[in-house]
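>>> Sequence isn't available, so here's the structure alone:
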Ligand SMILES: [Zn+2]
């Protein structure tokens with residue numbers, strides 16, 4: 001149901017403004033201060049976002065809090081993060097122009 005889905009999405013968005021999430025985010029960024037996706041392309045970029053890897057939390061409250069997480073920069077999170085969350089295959093290209101495994 002479209003309405004239930006957006007209600008759930010709104011509920012999850014609220015979790016991002018909790019103190020618990022902010023602590024978790026700071027912890028993740030202190031452990032992994034560089035963007036994981038930029039690093040795949042040999043780019044050193046400070047991470048500012050915490051992304052739910054492994055296809056996202058998909059409304060799973062346990063996954064929301066426990067991860068797995070990766071640190072990403074804002075541009076990576078905005079482009080690749082959303083594609084992953086939609087379940088689309090993400091192909092990453094290396095500096096030589098060939099897709100990475
Ligand atoms: Zn990045």
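All right, it came through fine. Everything numeric here is computed off the predicted structure, so don't read it as measured data.
>>> can you give me the strands for the protein?
Taking DSSP state E as the criterion, the chain carries its strands at 49-52, 69-72.
>>> can you list the residues of the protein near the ion?
35, 37-38, 45, 73, 76 (C-beta under 5 Å from the ion). All C-beta spots, glycine's among them, are computed from the backbone N, C-alpha and C.
>>> Mind checking which of the residues you listed land in helices?
Among the residues of the chain next to the ion, the members falling in helices are 37-38, 76 (criterion: DSSP state H).
>>> if we can go back for a sec, and the strands of the chain, which is most packed in?
Of all those, strand 69-72 has the most neighbours on average by mean count of other C-beta atoms under 10 Å, namely a mean of 24.
>>> give the contact list for the residue most central in space within the chain.
In the chain, the centroid-proximal residue (C-alpha atoms, centre = their mean) is residue 51; its distance is 1.7 Å. By C-beta atoms under 8 Å, 6 or more residues apart in numbering, residue 51 lies in contact with 69-72, 77, 81, 84.
>>> now the residues of the chain next to the ion in CSV, with neighbour count and pLDDT?
Output for the residues of the chain next to the ion, formatted as CSV (neighbours: other C-beta atoms under 10 Å; pLDDT from 0 to 100):
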residue, neighbour count, pLDDT
35, 25, 97
37, 24, 94
38, 18, 95
45, 18, 97
73, 18, 96
76, 23, 92
